[in-house]
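1. I'll drop the sequence and a predicted model, then ask my questions.
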Amino acid sequence: MNCNVKEIPPEKRVNKLKKPSLASIAAYPHIVWSVMFIIAPLLFVCYYAFTDSEGHFTFSNIQALSTHTNTFLLSISFSLIATAICLFIGYPLAFAISKAPKKRQPLLLMLLMLPMWMNLLIRTYSLMAILDDGGMINTFLKNIGIGELNIIGTSGAVIFGMVYDFLPYMVLPIYSVMSKQDEKLIEAAYDLGCHRMQAHLKVTLPLSVPGIVSGITMVFVPSISTFYISQKLGGGTIFLLGDTIEMQFQNKSTYNVGAAISLVMMILILISIAVMNKFSDNDEEGGIII
Amino acid sequence: MKTLSRIFMILVFGILYIPMLVLVLYSFNSSKSTGNFTGFSFKWYIELFSAPQTFTALRNTLILAAFSAIIATIIGTMAAVGINKMKNKYIKASVMSVTNVPMMNPDIVTGISMMLLFVFVGSLIGLSEYLSFWTMLIAHTTFNLPYVILSVLPKLRQMDKHLPEAALDLGCTPLQAFFKVEIHAILPGIITGMMMAFTLSLDDFVISFFTSGSDFVTLPLLIYSMTKKEVTPDMYALSTLVMVAILILMLATNLRGEKHRDKLKKRIKENV
């Protein structure tokens, strides 16, 4: 048999798989979009933070931050307290849900996720309707003769608002890690002589750390940057970082200071997220639970 | 222990739900008070629906949510396909981290950063109104994108890699292989992503607040402006309606998921 097929020189071979395939350019629109609308806006924040209103380079916005030191400290402490309370309530709640009968778990999860999908503005207002001077609690207190309590405008009200709004964000990631844990590990701990509490502290808790870490981030970030919670429940007396930023952006002449505050807040948050992620090994898709 | 954890759960869920239920209850109150329930009435709903701005806001919210969800789904699905095929680890990682930025950043920073971009570009080309429906659409699409990508990517990873290869062997062009084979395998992820995007856009207040012009008001923005001066019960009525809408949307999403699971189970049983 005479084979007439000429051998194709290697440089002329066309490999179907090595051609720039359609798949590799499929991501281009997204990459272009990200550069234009994610990266460029952040660069503009930097630009505005380091220029004055005429566009000249300056450090004065960063220096002006020292007048907002108290706001920074107040915001950080409020959101730390709110995060801690969420953790103390959320961890046991997540544990209780994960230990509930398997049949009832979907319902409990649904109850937990429903508030997450509700508009945060609405949830904050519903809290306000209860805590307000003419609201349910005060009407009740007046009727039983205790008299009115000023709840709106206190730090407690603002922190309670943060806990109320963001608690589900703490519970869900912890639950999703706990529900995947192997029951046999706990049994092994019992076999090795652990008490219930010891087994929990030595097995369940360390294994739940990734969930706890993403829960903490998911509560801390919105708490530190909120402005409507402090506006509504703080009654105009408590100014947090979010309020300050919002105020600077109402007037074009203060955009630059607002950008500087946002930049510092963003850097603070990114550093704390990076530090938190060091504590948990699985950084991929750990924090994305909706 | 068991009763203790049950009491704890009831307590926490009670605190979570009571304010919302109170809000619903007082939207039917016949007086303005939020402390005394004086009688049942639809007064606030009638007042709400007689205001033309309610309908405009509702229409605007739905238009914005639909368009941003569709655009984000198209760009996001394509992006997921591309990212999944990327060979270079570093490019892949950097694209993913940029994608995640809108999810990690607080909403207020995303909002003001976009506003600064729009204001700068707007003044550069000499527009008098910088912010409009289009800026909001861009902003909503941007924060929707990561959610679409992250719900499509896992489906692509789970998909049998031989499926598109088989299609190619049978003579399909890569594009045909995608539309005839791959898209069916990842459709659940695409639909989940789109519904998530729709709901997030419906729900967003903070980013809209910074990127909206005065001529395009959505429901969350309307609710915010209604409570700027004084809280009136028609706001409660509006909130109740929004809550009911989201409840229905969420139930629909969950039921769809269950239906799909049932179908899968059935198919597995038939094959075994």
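-> Arrived safely. Residues are numbered from 1 along each chain as shown, chains lettered A, B, ... in the order given.
2. if I pick the closest residue to chain B within chain A, what's in contact with it?
-> Residue of chain A nearest chain B, by C-beta to the nearest C-beta: residue A:27 (2.6 Å). C-betas here are computed from N, CA, C, even on glycine. Neighbouring residues of residue A:27 by C-beta atoms under 8 Å, 6 or more residues apart in numbering or on different chains: B:78, B:79, B:81, B:82, B:83, B:86, B:95.
3. The last one contacts residue B:85, correct?
-> In this case it means residue B:95. No: the pair residue B:95 / residue B:85 is not scored as a contact, 11.8 Å apart, by C-beta atoms under 8 Å.
4. quick revisit: name the nearest residue to the residue of chain A closest to chain B, ignoring sequence neighbours.
-> Leaving aside its sequence neighbours, residue A:27 sits nearest to residue B:82 (C-beta to C-beta, 6 or more residues apart in numbering or on different chains; 2.6 Å).
5. does residue 122 sit in a helix or strand, and which one?
-> Picking chain A for this. helix A:120-131 (DSSP states H and E).
6. hm, I was asking about chain B
-> helix B:107-125.
7. Centre of the chain to the helix or strand in which residue B:188 is found, how far?
-> Using DSSP H and E, residue B:188 sits in helix B:183-203. Centroid separation between helix B:183-203 and its chain, computed with C-alpha atoms, centre = their mean, to the nearest Å, is 9 Å.
8. all helices of the stretch 1-150 of chain A, in order?
-> For the stretch 1-150 of chain A, helices defined by DSSP state H, counting those that start in this stretch occupy the ranges A:22-26, A:28-34, A:40-49, A:60-64, A:69-99, A:105-117, A:120-131, A:136-143.
9. actually the stretch 101-250 of chain B, sorry about that
-> Applying DSSP H, counting those that start in this stretch to the stretch 101-250 of chain B gives helices spanning B:107-125, B:133-158, B:162-169, B:174-177, B:183-203, B:206-211, B:219-226, B:233-271.
10. just the ones you listed: most buried one?
-> Neighbour counts (mean count of other C-beta atoms under 10 Å in any protein chain shown) averaged over each of those peak at helix B:206-211, with a mean of 25.
11. which strands and helices sit next to that helix?
-> Applying 3 or more C-beta pairs under 8 Å, 6 or more residues apart in numbering or on different chains; DSSP states H and E, one finds that helix B:206-211 makes contact with helix B:107-125, helix B:133-158, helix B:219-226.
12. and of those, who's closest to chain A?
-> That would be helix B:107-125 among the helices and strands packed on helix B:206-211, by C-beta to the nearest C-beta, at 3.5 Å.
13. re earlier: report the angle between the helix holding residue B:188 and helix A:105-117.
-> Helix B:183-203 and helix A:105-117 are oriented at 50 degrees to each other (axes from the mean of the first three to the mean of the last three C-alpha atoms, to 10 degrees).
14. To residue B:67, which of the helices of the stretch 101-250 of chain B lies closest?
-> Across those, residue B:67 has its closest neighbour in helix B:133-158 (5.8 Å, C-beta to C-beta).
15. quick revisit: what mean pLDDT would you report for the helix or strand where the residue nearest to residue A:27 lies?
-> Element membership for residue B:82 (DSSP H and E) is helix B:52-85. Helix B:52-85 shows a mean pLDDT of 92 in the predicted model.
16. do stretch B:89-97 as well
-> 88.
17. May I have it as CSV, with CA atoms only?
-> Output of stretch B:89-97 as CSV, limited to C-alpha atoms (Å, rounded to 0.1, in the frame of the first residue of the first chain):
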residue,chain,number,x,y,z
LYS,B,89,-3.2,30.4,37.6
TYR,B,90,-2.1,34.0,38.3
ILE,B,91,-4.4,35.6,35.7
LYS,B,92,-7.3,33.4,37.0
ALA,B,93,-6.6,34.4,40.6
SER,B,94,-6.4,38.1,39.8
VAL,B,95,-9.6,38.1,37.7
MET,B,96,-11.3,36.3,40.6
SER,B,97,-10.1,38.7,43.2
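18. Contacts only, for the nearest residue to residue A:166 once chain neighbours are set aside.
-> Leaving aside its chain neighbours, residue A:166 sits nearest to residue A:219 (4.5 Å; criterion: C-beta to C-beta, 6+ apart). With contact taken as C-beta under 8 Å, 6+ apart, residue A:219 is in contact with A:79, A:82, A:83, A:86, A:87, A:162, A:166, A:167, A:169, A:170.
19. Tell me the pLDDT of the closest residue to the fifth one other than its chain neighbours.
-> Yep, that's residue A:87 we're talking about. Distance criterion C-beta to C-beta, 6+ apart; nearest residue to residue A:87, sequence neighbours excluded, is residue A:170 at 6.2 Å. Per-residue pLDDT puts residue A:170 at 94.
20. From chain A, how far off is residue B:76?
-> Remark: distance between residue B:76 and chain A (C-beta to the nearest C-beta, to the nearest Å) = 7 Å.
21. Surely that residue touches residue B:189?
-> No: using C-beta under 8 Å as the test, residue B:76 is too far from residue B:189 to be in contact (10.1 Å).
22. shared neighbours of the two, which are they?
-> The contact lists of residue B:76 and residue B:189 share residue B:152, where a contact means C-beta under 8 Å, 6+ apart.
23. and the residue nearest to residue A:87, what element?
-> Going by DSSP H and E, residue A:170 is part of helix A:155-178.
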